[in-house]
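Engineer: Task: produce atomic coordinates for the following.
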Amino acid sequence: MSAKSENSAIMLGRECGSCTLCCKVLSISELAKPQGKWCKFCKIGKGCLNYSDRPDECRNFYCGYLSWPLAGDHWLPSKCKMVIVAELGGSRLAIHVDPDRPMAWKEPAYYADLKRWAWAAIKDEMQLIVCVSNCVTVILPEEDIYLGPVADDERIVNSLINDGLEMKWTAIKVKADDPLIAGMVPGKIYNASKI
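Structural biologist: A predicted model of the protein is given here:
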């Protein structure tokens, strides 16, 4: 699956154009801007009013539409109302959804892609999540698991469990300081026997 990182090169033929959705759906810690709210420096549909002095978070960011070959043209954020982001050093692929269109990810073309990507993510020991503001749904091959708000001191753990009938993937939230996850790499998938 190999999601590209935030500083990956832009693919030939792709550009932001009038898209500014990342300025809404993503948090910007240097500006204390929360997820799901427009940045005070964003001129919607035009760009950054503070472009030359924008934070490094913005300066080094390229969304998945710009940098990831598996994201088709229909993933242009201004069109689909979602921004694809490689997180945790590329071990998690997050789809940040415009809170004004919270179910955009369930539209057939996008949901089909997410389910294909879920299989690849599991194979590559990565996580695939959908975020609407700070509420998270983990996308797994057989099901989607809604975890709700995930706090800064919580981690998402995907694991393979035996439900009595078969082995299946699941996901839970765990406090970051929980000794059961000590030493685990955020975003990586672990067998349930390790947690």
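Engineer: I figured Ala121 was touching Val138, is that so?
Structural biologist: No. Using C-beta atoms under 8 Å, Ala121 is not in contact with Val138; the gap is 9.9 Å. From N, CA and C alone the C-beta is placed, and that goes for glycine too.
Engineer: so what sits against both of the two?
Structural biologist: Residues touching both Ala121 and Val138 (C-beta atoms under 8 Å, 6 or more residues apart in numbering): 127-128.
Engineer: So which elements touch the top helix by length along the chain?
Structural biologist: Scanning the chain for the helix with the most residues, using DSSP state H, yields helix 108-123. The contact analysis (3 or more C-beta pairs under 8 Å, 6 or more residues apart in numbering; DSSP states H and E) places helix 108-123 against strand 92-97, strand 127-132, strand 135-139.
Engineer: Which helix or strand in this protein has the lowest average pLDDT?
Structural biologist: strand 190-191 (a mean of 56; mean pLDDT, DSSP states H and E).
Engineer: before we move on, the earlier item: same list as before, the helices and strands packed on helix 108-123 that is, but in a markdown table and with mean pLDDT, distance to Ala104 and mean neighbour count included.
Structural biologist: Formatted as a markdown table, the helices and strands packed on helix 108-123 follow (pLDDT from 0 to 100; distance: least, C-beta to C-beta, whole Å; neighbours: other C-beta atoms under 10 Å):
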| stretch | mean pLDDT | distance to Ala104 | mean neighbour count |
| --- | --- | --- | --- |
| strand 92-97 | 96 | 6 | 25 |
| strand 127-132 | 96 | 9 | 24 |
| strand 135-139 | 96 | 12 | 21 |
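Engineer: I'd like those written out as a markdown table, with distance to Pro34 added.
Structural biologist: Shown next, in a markdown table, are these (distance: least, C-beta to C-beta, whole Å):
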| stretch | distance to Pro34 |
| --- | --- |
| strand 92-97 | 12 |
| strand 127-132 | 12 |
| strand 135-139 | 13 |
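Engineer: of all these, which lies closest to Asp152?
Structural biologist: strand 135-139 (12.7 Å; C-beta to C-beta).
Engineer: any idea of the angle the closest one forms with strand 127-132?
Structural biologist: With axes from the mean of the first three to the mean of the last three C-alpha atoms, to 10 degrees as the basis, strand 135-139 and strand 127-132 are set at 150 degrees to each other.
Engineer: strand partners of strand 135-139, parallel vs antiparallel please.
Structural biologist: Using DSSP bridges, strand 135-139 pairs in its sheet with strand 127-132 (antiparallel), strand 144-149 (antiparallel).
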